[in-house]
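Novice: okay, predicted coordinates and the sequence, questions at the end:
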Amino acid sequence: GTTKCGSKCADLQADPANCGSCGKACAPGEACSAGACALACGGGTTKCGSKCADLQADPANCGSCGKACAQAEACSMGACSLVCAGGTTKCGSKCADLQADPANCGSCGKACAQAEICFAGACALVCGGGTTKCGPKCVDTAVDPANCGGCNAACAKDQLCLGGACTLNCGPLTKCGAECVDTSTNASHCGGCGKACSKGQQCQKGTCVAGVLQSCKAILDAGKSVGSGTYQVDPDGGDPSNAFSVYCDMSTDGGGWTFVASTAALSVNGWGDNDQAIGVVSTPGATVNSRLARTTVQSVMDSGPREIMTHGLGTGTRTKFRLTNNEPFGWHKNYNKNWQYSSTLTQNWFSPPPAIKTYGLSPQDGSNCYAGNAQVGQYFLPFYYDNDQYLHYGIPTAVCSGYPETRIDTYVR
């Protein structure tokens with residue numbers, strides 16, 4: 001079954017130098033089979049198209065011809081699998097740098113919290129926007145009172161942090177140096193820090209005005225009023241060093257009223273019969289019982305028309321009285337006193353809304369309440385004129401149920 005080709009006999013069905021006919025040689029790597037050249041794959045490889053492939057390791061023919069692995073995958077034992085290089089580690093379906101990957105920090109699946117980064121295989125807080133890491137949180141050391149200017153540099157309770165430095169928290173007041181002041185009344189800082197009034201002047205609503213006058217009425221009459229508010233007064237009219245601040249009503253019934261007392265309408269325990277001041281008389285509508293000393297009130301009244309005004313905060317009713325003679329003024333807690341009307345006490349009414357209610361005096365039977373003799377719609381007056389010739393200020397006790405006021409503010413002029 002051989003054929004003479006030149007000087008030798010050749011098997012044209014199997015001779016790669018004479019494959020199918022004499023002189024027809026197969027290419028390197030090819031074998032002659034059945035008279036035709038064909039690729040010959042050895043060493044466990046498989047013919048895939050025009051080349052031999054190792055189906056156990058060839059990423060273009062992994063497991064079978066034409067089955068290519070994805071980029072970054074390798075073919076191992078006939079299957080594609082992820083290959084992680086450059087110090088990365090296979091975590092699920094991707095390669096991760098366990099030293100820097102916040103989703104796989106230190107080990108696969110160990111995620112850092114929001115605002116943290118992964119550094120050297122450990123999660124760490126990252127502070128942006130000019131903030132600083134203080135413990136487990138980011139803070140602005142320019143304004144944080146617990147970390148003012150640096151971590152753990154806490155301001156005192158009455159301070160706030162501004163520009164990284166602790167400073168006084170003055171609230172509605174103004175910081176002038178190392179103190180908080182009311183620049184509307186402070187004579188050393190009148191209208192602003194360092195704006196001192198001249199000797200003998202006082203500060204009213206941020207403006208220096210001449211002299212310390214005896215009462216709100218005196219200030220009004222002198223043309224020094226700048227409207228209702230806080231003023232300095234000197235009731236004894238002497239050395240102004242003992243002057244003090246009072247609230248002046250400069251609008252009601254012509255103005256000039258000095259605020260002298262505030263009390264709960266049905267609570268006078270501890271009010272006392274003495275002449276001393278109680279508490280701090282500040283502004284109308286206060287929530288604590290307070291009054292000026294009797295002698296102070298008397299001095300204020302002696303400089304004016306000797307009038308008293310009460311303002312019931314429960315009904316809004318204002319009542320005015322004028323003392324027509326020279327009877328003195330006194331404080332009293334109103335325990336077991338017969339409320340009487342003095343013929344020397346002139347009673348006038350005026351009523352900004354709501355409409356006025358007629359306040360009746362107590363019955364003449366020695367009781368504290370009006371239930372027996374008072375007419376419907378009548379209530380106690382907060383004053384009575386006793387046989388000691390003092391006009392006394394008092395408030396009905398709780399036994400007088402139905403009293404319409406919650407608190408009563410009192411002014412004189």
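Specialist: On my side now, so go ahead. Everything numeric here is computed off the predicted structure, so don't read it as measured data. Residues are numbered from 1 along each chain as shown.
Novice: so where's the stretch 51-200 of the chain shaky on pLDDT?
Specialist: For the stretch 51-200 of the chain, the stretches with pLDDT under 70 are 199-200.
Novice: how about the strands in it?
Specialist: With DSSP state E, counting those that start in this stretch as the criterion, the stretch 51-200 of the chain has strands at 51-53, 73-76, 79-82, 89-91, 94-96, 116-119, 122-125, 132-134, 137-139, 159-162, 165-168, 174-176, 179-181.
Novice: will you turn those into TSV that also has mean neighbour count and distance to Cys32?
Specialist: All C-beta atoms are positioned from the backbone trio N, CA, C, and that covers glycine. Below are those laid out as TSV (neighbours: other C-beta atoms under 10 Å; distance: least, C-beta to C-beta, whole Å):
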stretch	mean neighbour count	distance to Cys32
strand 51-53	18	17
strand 73-76	16	32
strand 79-82	14	35
strand 89-91	16	47
strand 94-96	18	48
strand 116-119	16	63
strand 122-125	14	67
strand 132-134	15	78
strand 137-139	16	79
strand 159-162	17	94
strand 165-168	16	96
strand 174-176	17	106
strand 179-181	16	110
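Novice: can you list the ones you listed in a markdown table and add distance to Ser188?
Specialist: Output for the strands of the stretch 51-200 of the chain, formatted as a markdown table (distance: least, C-beta to C-beta, whole Å):
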| stretch | distance to Ser188 |
| --- | --- |
| strand 51-53 | 98 |
| strand 73-76 | 83 |
| strand 79-82 | 79 |
| strand 89-91 | 71 |
| strand 94-96 | 69 |
| strand 116-119 | 53 |
| strand 122-125 | 48 |
| strand 132-134 | 39 |
| strand 137-139 | 37 |
| strand 159-162 | 22 |
| strand 165-168 | 16 |
| strand 174-176 | 8 |
| strand 179-181 | 7 |
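Novice: among these, which is nearest Thr3?
Specialist: strand 51-53 (29.9 Å; C-beta to C-beta).
Novice: partners of the closest one, with directions?
Specialist: Strand pairing for strand 51-53, using DSSP bridges, gives strand 46-48 (antiparallel).
Novice: could you identify the longest strand within the protein?
Specialist: Criterion DSSP state E: the longest strand present in the chain is strand 257-264.
Novice: so what's Lys217 closest to, chain neighbours aside?
Specialist: Closest residue to Lys217 apart from its sequence neighbours, by C-beta to C-beta, 6 or more residues apart in numbering: Gly256 at 3.5 Å.
Novice: what's the angle from the helix ranked longest in the chain to strand 257-264?
Specialist: Counting by DSSP state H, the longest helix found in the chain is helix 294-302. Helix 294-302 and strand 257-264 are oriented at 140 degrees to each other (axes from the mean of the first three to the mean of the last three C-alpha atoms, to 10 degrees).
Novice: which strands or helices does whichever helix or strand comes after helix 294-302 pack on?
Specialist: Using DSSP states H and E, the helix or strand that follows helix 294-302 towards the C-terminus is strand 307-312. Applying 3 or more C-beta pairs under 8 Å, 6 or more residues apart in numbering; DSSP states H and E, one finds that strand 307-312 contacts strand 318-323, strand 407-412.
Novice: looking at those, which one has the lowest mean pLDDT?
Specialist: Ranked by mean pLDDT, the helices and strands packed on strand 307-312 end with strand 318-323 in last place, scoring a mean of 69.
Novice: in the stretch 151-300 of the chain, which spans are helices?
Specialist: Secondary structure of the stretch 151-300 of the chain (DSSP state H, counting those that start in this stretch): helices at 216-221, 294-302.
Novice: export these to JSON lines and append columns for mean pLDDT, mean neighbour count and distance to Gly106.
Specialist: As requested, the helices of the stretch 151-300 of the chain are exported to JSON lines (pLDDT from 0 to 100; neighbours: other C-beta atoms under 10 Å; distance: least, C-beta to C-beta, whole Å):
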{"stretch": "helix 216-221", "mean pLDDT": "87", "mean neighbour count": "23", "distance to Gly106": "76"}
{"stretch": "helix 294-302", "mean pLDDT": "82", "mean neighbour count": "20", "distance to Gly106": "77"}
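Novice: do you know which of these lies nearest Ala103?
Specialist: Nearest of the helices of the stretch 151-300 of the chain (C-beta to C-beta): helix 216-221, 74.1 Å.
Novice: check contacts around the closest residue to Met301 other than its chain neighbours.
Specialist: Distance criterion C-beta to C-beta, 6+ apart; nearest residue to Met301, sequence neighbours excluded, is Val412 at 5.1 Å. By C-beta atoms under 8 Å, 6 or more residues apart in numbering, Val412 lies in contact with Trp257, Thr258, Val260, Val297, Val300, Met301, Gly304, Glu307, Ile308, Met309, Phe329.
Novice: for the closest residue to the second one other than its chain neighbours, which residues are in contact?
Specialist: The spatial neighbour of Thr258 that comes closest, neighbours along the chain excluded (C-beta to C-beta, 6+ apart), is Cys216 at 4.3 Å. Contacts of Cys216 were listed using C-beta under 8 Å, 6+ apart, and they are Tyr231, Val233, Val246, Cys248, Asp249, Met250, Gly255, Gly256, Trp257, Thr258, Val300, Arg413.
Novice: pLDDT weak spots in the stretch 301-413 of the chain?
Specialist: Within the stretch 301-413 of the chain, the segments meeting pLDDT under 70 span 315, 317, 319, 321-405.
Novice: Gly23 and Cys32, how far apart?
Specialist: To Cys32, Gly23 is 13 Å away according to C-beta to C-beta, to the nearest Å.
Novice: tell me which of the two has more neighbours.
Specialist: Cys32 (23 against 10; other C-beta atoms under 10 Å).
Novice: host element of the more buried one?
Specialist: Element membership for Cys32 (DSSP H and E) is strand 30-33.
Novice: number of nearby residues for Cys62?
Specialist: By other C-beta under 10 Å, the residues close to Cys62 number 25.
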